[in-house]
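K.L.:
Whatever this is, show me its structure:
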Amino acid sequence: MAAPSRVYESIVDLIASPDNPTPMVKVSERVNPNSRFKIYLKLERYNPFGSIKDRIALSMLRGLNLHEGQSLAEPSSGNTGIALAAIANAKGIPIEIAVPQRIPEEKKTILRLLGVRTLWEADDALCPLFPNEGARGLVNAMLKSKGGEKYVSPNQYENELNVKAHYETTGPEIWQQTGGQVDYFFAGFGTCGTLTGVGKYLKERKSSVKIVAIEPASTDHNLPGMKRISDLREDLVPRILDRSVIDDVVPVTDDEAYQTGIRLARREGILVGPTTGAIVYAALQYAKQREGLAVAISPDDAFKYMSSYGPYVKDHGKP
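P.N.:
Numbers count the residues shown, from 1 in each chain. Down below sits the predicted model:
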């Protein structure tokens, strides 16, 4: 129970909900000159562990039936692993995480800071095609190996509680914060829980809402947490994705994403990760020819990606 002074019994109680939403901030004319197409960023960095994945980590852990002696095991590009590890620490649950080697070193350091019992690094791309590749393959092998019964995986790619978390929290928050005036919703393809959960909620309340999905322009990309879904065989697409809620798919290059992130920092003072840069880039393309009110998810902040931003930050000018 939270008092009016925002005193909580546990750090977990700070995770966003309709009664305690993450904030939204308008992108100003310095970045979006079209006053008839308003873009609001929903800043998920204000969750206690720094990202939108806090929501699904809590939802999935509440749905697990863990027995004494069992540990959590989960593949992650970083944010889900961080959220699961933090909540597991608060609940006294051991956890092991598998990550792609290519995720930013900052995320690996945070996971080690959280005391993840074992941090497995898979030599793979950020966006492997098959569930038996890379970090996902490592965890699948652990679960199927001798002694695998000591592990339980929330399995964010197939867990309907991922979708439910966004249907019950992120979607209602956006609806309330915009007074039901939202016309467009922008989010990236990842595990696809955000797009499916928020998309379903918003379309049930306003069928004209357009749900726009953003993906990397190439499978060989440097946008951690974001996946290219186009051209994938259906059996390789995350099972929780409901394509019926998606109205458009916008591909974005690494350069477009990082430069937009830099632009938000230098013109707005808003520090976001490159995935947010990709999402806002897509929203700005829509703003060139449309009117309405758009909400763009900002999954996390810039601080976990300083090493990734490094090659792009070569001067002090304002792009």
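K.L.:
switch to C-alpha atoms for all contacts and neighbour counts from now on
P.N.:
Noted.
K.L.:
What are the boundaries of the strands in the protein?
P.N.:
Ranges of strands in the chain, per DSSP state E, are 24-26, 37-43, 71-75, 95-100, 118-122, 151-152, 184-188, 210-216, 248-252, 292-298.
K.L.:
burial of the closest residue to P75 other than its chain neighbours, as a residue count?
P.N.:
By the measure of CA to CA, 6 or more residues apart in numbering, the closest residue to P75 outside its immediate chain neighbours is A98, 4.6 Å from it. As a burial measure, A98 scores 23 neighbours (other CA atoms under 10 Å).
K.L.:
returning to that earlier point: select, out of the strands of the chain, the one closest to I82.
P.N.:
strand 95-100 (9.0 Å; CA to CA).
K.L.:
Run the angle between that closest one and strand 118-122 for me.
P.N.:
Angle of strand 95-100 versus strand 118-122, following axes from the mean of the first three to the mean of the last three CA atoms, to 10 degrees, is 20 degrees.
K.L.:
The least confident helix or strand in the chain by mean pLDDT - contacts with which helices or strands?
P.N.:
Across the helices and strands of the chain, mean pLDDT, DSSP states H and E gives its lowest value to helix 134-144, namely a mean of 77. Helices and strands touching helix 134-144, by 3 or more CA pairs under 8 Å, 6 or more residues apart in numbering; DSSP states H and E, are strand 71-75, strand 95-100, strand 118-122, strand 151-152.
K.L.:
Which residues outside the second one are in contact with it?
P.N.:
Going back to what we said before, that points to strand 95-100. 71-78, 81, 85, 88, 116-126, 134-136, 138-139 (CA atoms under 8 Å, 6 or more residues apart in numbering).
K.L.:
and it, which strands flank it?
P.N.:
strand 71-75 (parallel), strand 118-122 (parallel) (DSSP bridges).
K.L.:
Could I get the full set of helices for the stretch 101-250 of the chain?
P.N.:
For the stretch 101-250 of the chain, helices defined by DSSP state H, counting those that start in this stretch occupy the ranges 105-113, 134-144, 160-165, 171-177, 193-205.
K.L.:
quick one, which of these is nearest to N65?
P.N.:
helix 160-165 (13.6 Å).
K.L.:
Can I get stretch 287-298 as PDB, trimmed to CA atoms?
P.N.:
Written as PDB, here are the backbone C-alpha positions of stretch 287-298 (Å, rounded to 0.1, in the frame of the first residue of the first chain):
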ATOM      1  CA  ALA A 287       3.800  13.400 -38.900                       C
ATOM      2  CA  LYS A 288       4.800  14.700 -42.400                       C
ATOM      3  CA  GLN A 289       1.400  14.000 -43.900                       C
ATOM      4  CA  ARG A 290      -1.100  13.300 -41.200                       C
ATOM      5  CA  GLU A 291      -3.100  14.800 -38.300                       C
ATOM      6  CA  GLY A 292      -4.000  13.400 -34.900                       C
ATOM      7  CA  LEU A 293      -2.600  12.500 -31.600                       C
ATOM      8  CA  ALA A 294       0.100   9.800 -31.400                       C
ATOM      9  CA  VAL A 295       1.700   8.000 -28.500                       C
ATOM     10  CA  ALA A 296       5.100   6.500 -29.000                       C
ATOM     11  CA  ILE A 297       6.600   4.000 -26.500                       C
ATOM     12  CA  SER A 298      10.000   4.900 -25.100                       C
END
